[in-house]
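Peer 1: show me the folded form of this:
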Amino acid sequence: MSKKRTLAVGAALVVLIAIGLCAHLTVFQAEPPANIDAVAKSFLSLDLKGTERILHRILAESEAPPESRAEALITQARIAWKFYQEPDRARELLGQAAELKAKEYEVQTMLSRVERESGGFEQALASADRASDLATSQRQWVDSRSLWAQAVWEQARARVEEDQPFDANLVEEGVTVLTEVLQKVPGHPGPSRILLALTLLTGDGETAWLAWKSYFNVTDGDPPEGILTGPYELLADVLPRWRGGPSNRQEGISLIRGLGDSRFYGYGRLISRLFFEDDSFEDVPDVRDRLLYADTIEAFGEIAEDYYRKLALGEKDEAAFENALLEKAERLWSALSFMVGPPEFSLQTFSTEMKTRFGAHIILGGTGNYRGKVLLMGHLVERQTRTVEQYGYESEFSHLRYDMMVSNGYSSWFWDGTAAIGGWATADEMASIGSGGAGKFYKMWWQVTEDAEREKTQQYIADRLESEEQAIRKSLSAPLNGLGRRMQFRGSEAMLDELKASGLEGDALALAFVRRYDRFHVAKHIFAHEGRHSIDQKFFPDDWKRWKGPEKEFRAKLSEIVFSSDPYLSLANLLAQAVNRSQHGKANLKIRQTLVNWMKTHQDEIQNLDSDKPLLVQAHLLTPDQIRRCFTDADPLAKRAKQP
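Peer 2: Down below sits the predicted model:
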């Protein structure tokens, strides 16, 4: 790399890293070492070696219950496969777990993932089938059927990439399975995305159109606005009448454009390979560029995953990672269509062009939970702008939602679905990361409607409440996973009861619940919390420079509760978060201290309060109005409220 190029990249990195001011994720602290909660805490701390040591200690304890031993073995298998790329070792560990006759469903789902990602598709399908037979709740059934369909899709995709025919009957069966799944959980993004892929393979345009709308949680009566409007209209014209593939080249061009503009660039590439193998689309530059871009972001994802794996194993080489990405980026840059030839390449100009052409957002730098170099890259699918008003102060604030992530950073890759980077913020906008629409909140629906999931949740709570009470007597920093889950459960039940009272039932009730949960999440996390940051920066710039991170986050968390549509649920989420040395962790401790002080002053107003128990573990007794009063009283901004 030339010195000039290196300096340009370095300058770009400074600008991009500065964007990531406020990353969010929910972190659950653990109980004392040598148990599964301690494994979770170590894992969330990105401590692979520490996690492995705790797992070995659990398995060395002869009195450890079968469930704990099985979960430890499953986690060891995940590590062997994901981090060390040792699928045979992973299979061996899962075999040991299976012999315990505990966590049998989880053993089979993990085995299906190991086999699928190792190219053993037949074994992956068989394990997913066994998991379905073992499912004891709708949640497990949906996940296992989706896992089976994922193996069908990846096997077919591999065949297409090898220019070999795929098993059309198996793909058709996958379409049938996922159609049944989505009848039970309409709008769930996981199965919707796989169904879209399978229907594109079979040329079933009508079902593909239903899958696309399900993924984004839109209907013909409630179409999308903004970014997705164009692709919605384009695909609405093409897909419903599509049978067996595009009827002509122009139809194929429209399909590739519509898929690309809704950020399914890889699916557009699939259409090209299936139906236009010998067509480079040189005469249609924007289509050709979409296909080139699809290949490049696939390569970016592979480079990032390889780098993250080495990073976890202590083989850090940031320069090699950056150079590999820049090499692919520069190759795409030189191949893209420009009116008068490509400008001089730099990461800054490349990032700007990718944002303009493809809706991509690229950060190559650090995040709030890992300061080393990582890749954050996703695609803009939604932008909402609102005027946020708190205590008479107003600020215009935008929410940007990114999806189709190429890479969501090292920590999200490491956590493997147990947690993820949630977004970043600046003074006037918040970016959040999430797949699909409101359907991702079905997990909350299942907790309050499925007997098996309710029982699991209640057992989780019961296992922790007593020990939390003892721990809180010693320190307000102790984990409150049980209390947080208890309040989340109660709040979700109250939301469900309210919707039932309105006359909703069946699928309509389920969809209304997840949409309500989505609106609650966006309102409190995006517009209340991040909107407060925007107000503080706009109206108190000198104070903002003086305040340390924990004070900024404490003020935003106050607003997150007070201006939430459901302060009870908002407090539940905060109490479940970790108290640690991070900015958010220190702010969480101050939230707890504020709550205890208010409860102490207002004990006579709290029904059923037990004076012999710590006040904090009785937060579930508070009403939404009491919670809102508590944190309004504590808010410095409320004392400086602007008069109309």
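Peer 1: so, low pLDDT: which residues of the protein?
Peer 2: Within the chain, the stretches with pLDDT under 70 are 1-33, 368, 436-440, 644.
Peer 1: quick check: the spatially most central residue of it vs residue 553, distance?
Peer 2: What sits nearest the mean C-alpha location of the chain, by CA atoms, centre = their mean, is residue 434, with 4.8 Å. Distance, residue 434 to residue 553, using CB to CB, to the nearest Å: 21 Å. To be clear about C-beta, it is placed using only N, CA and C from the backbone, and glycine gets the same treatment.
Peer 1: and for residue 244?
Peer 2: 55 Å.
Peer 1: do residue 403 as well
Peer 2: Applying CB to CB, the value for residue 403 to residue 553 is 26 Å.
Peer 1: so which of these two has more stuff around it?
Peer 2: residue 553 (26 against 23; other CB atoms under 10 Å).
Peer 1: the more buried one contacts residue 585, correct?
Peer 2: No - Residue 553 is beyond contact range of residue 585, at 9.1 Å (criterion: CB atoms under 8 Å).
Peer 1: so what does the longest helix belonging to the chain touch, helix or strand wise?
Peer 2: In the chain, with assignment by DSSP state H, the single longest helix is helix 285-312. Judged by 3 or more CB pairs under 8 Å, 6 or more residues apart in numbering; DSSP states H and E, the packing partners of helix 285-312 are helix 249-261, helix 265-275, helix 318-335, helix 347-358, strand 374-390, strand 393-408, helix 409-415.
Peer 1: out of these, which one sits most buried?
Peer 2: Among the helices and strands packed on helix 285-312, helix 409-415 has the highest mean neighbour count (mean count of other CB atoms under 10 Å), at a mean of 23.
Peer 1: what sits up against that helix?
Peer 2: 43-44, 46, 48, 304-305, 308, 311-312, 367, 369-370, 372, 374-376, 407, 419-421 (CB atoms under 8 Å, 6 or more residues apart in numbering).
Peer 1: please report how far residue 528 lies from residue 556.
Peer 2: Distance from residue 528 to residue 556, by CB to CB: 8 Å.
Peer 1: then residue 362?
Peer 2: 26 Å.
Peer 1: go on, residue 43?
Peer 2: From residue 43 to residue 556 the distance is 27 Å (CB to CB).
Peer 1: likewise residue 503?
Peer 2: 37 Å.
Peer 1: ok, these two, which is more surrounded?
Peer 2: residue 556 (23 against 8).
Peer 1: OK, contacts around that one?
Peer 2: Shown in contact with residue 556 (CB under 8 Å, 6+ apart): 529-530, 532-533, 536, 587.
Peer 1: for this protein, which segments count as strands?
Peer 2: Along the chain, counting by DSSP state E, strands occupy 360-365, 374-390, 393-408, 423-425, 429-433.
Peer 1: redo these as TSV? Include distance to residue 158.
Peer 2: Putting the strands of the chain into TSV (distance: least, CB to CB, whole Å) gives the following:
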stretch	distance to residue 158
strand 360-365	26
strand 374-390	24
strand 393-408	20
strand 423-425	33
strand 429-433	28
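Peer 1: who wins for proximity to residue 624 among those strands?
Peer 2: Residue 624 sits nearest to strand 374-390 of all the strands of the chain, at 17.8 Å, using CB to CB.
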